[in-house]
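Asks: pasted the sequence and its predicted model underneath.
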Amino acid sequence: MKRILSVALILLLLMMPLTLTACGDEGELQDGYYTAEASEFHFGWKEYITIMVKDGSIVSVEYNAENPSGFIKSWDNAYMQTMLHTNGTYPNEYTRYYAGQLLENQKADGIDALTGASSSYDSFQKLAAAVLDQAKKGDSSTKLVDTGASE
């Protein structure tokens, strides 16, 4: 009986560090879906980022904007043509670029702004920081962010 009790105690002590680390390190991303969105519409659009975290890593990123009716900015061909000719880029290009950089880097730091989309870059940085903070906390509620003026 003492032997069984000793083995059980040893197993319990060996498992203790595993259970303590599984409680969630404040710096690690928790698995799930997380969204941060602008608190207000700017120039008719509200930007947002949604990420999916699996096994502690970002595996999917969607960055875009929608108008009050839910129409997605990167689908607006007229807007795309106007912005391309005046700014040299357009929503479908810069939203995919910024989202791809967040996915690749696994953090918002070190992502360069695209010429012609610097205002959206500023919003992206604020939204990315907020969504990553939500993922660290494991808080799947939508985080509203004051992004200021954007394109």
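Replies: On my side now, so go ahead. Residues are numbered from 1 along each chain as shown.
Asks: show me the helices in the protein, by range?
Replies: 2-21, 77-87, 91-105, 118-137 (DSSP state H).
Asks: state the mean pLDDT of the shortest one.
Replies: Here helix 77-87 scores 86 as its mean pLDDT.
Asks: just the angle between that helix and helix 91-105, please?
Replies: With axes from the mean of the first three to the mean of the last three Cα atoms, to 10 degrees defining the directions, helix 77-87 sits at 80 degrees from helix 91-105.
Asks: check the last one too.
Replies: For the pair helix 118-137 and helix 91-105, the angle between their directions (the same axes, to 10 degrees) equals 40 degrees.
Asks: tell me what helix 118-137 is packed against?
Replies: On a contact count with 3 or more Cβ pairs under 8 Å, 6 or more residues apart in numbering; DSSP states H and E, helix 118-137 meets strand 32-38, strand 46-54, strand 57-66, helix 91-105, strand 143-145. Heads up, the C-betas are built off the backbone N, CA and C, glycines and all.
Asks: specify the beta-bridge partners of residue 46.
Replies: residue 66 (DSSP bridges).
Asks: count of neighbours near it?
Replies: Residues contacting residue 46 under the criterion other Cβ atoms under 10 Å number 20.
Asks: gap between it and residue 32?
Replies: 22 Å (Cβ to Cβ, to the nearest Å).
Asks: what do you get for residue 73?
Replies: Here the criterion is Cβ to Cβ. By it, residue 73 lies 25 Å from residue 32.
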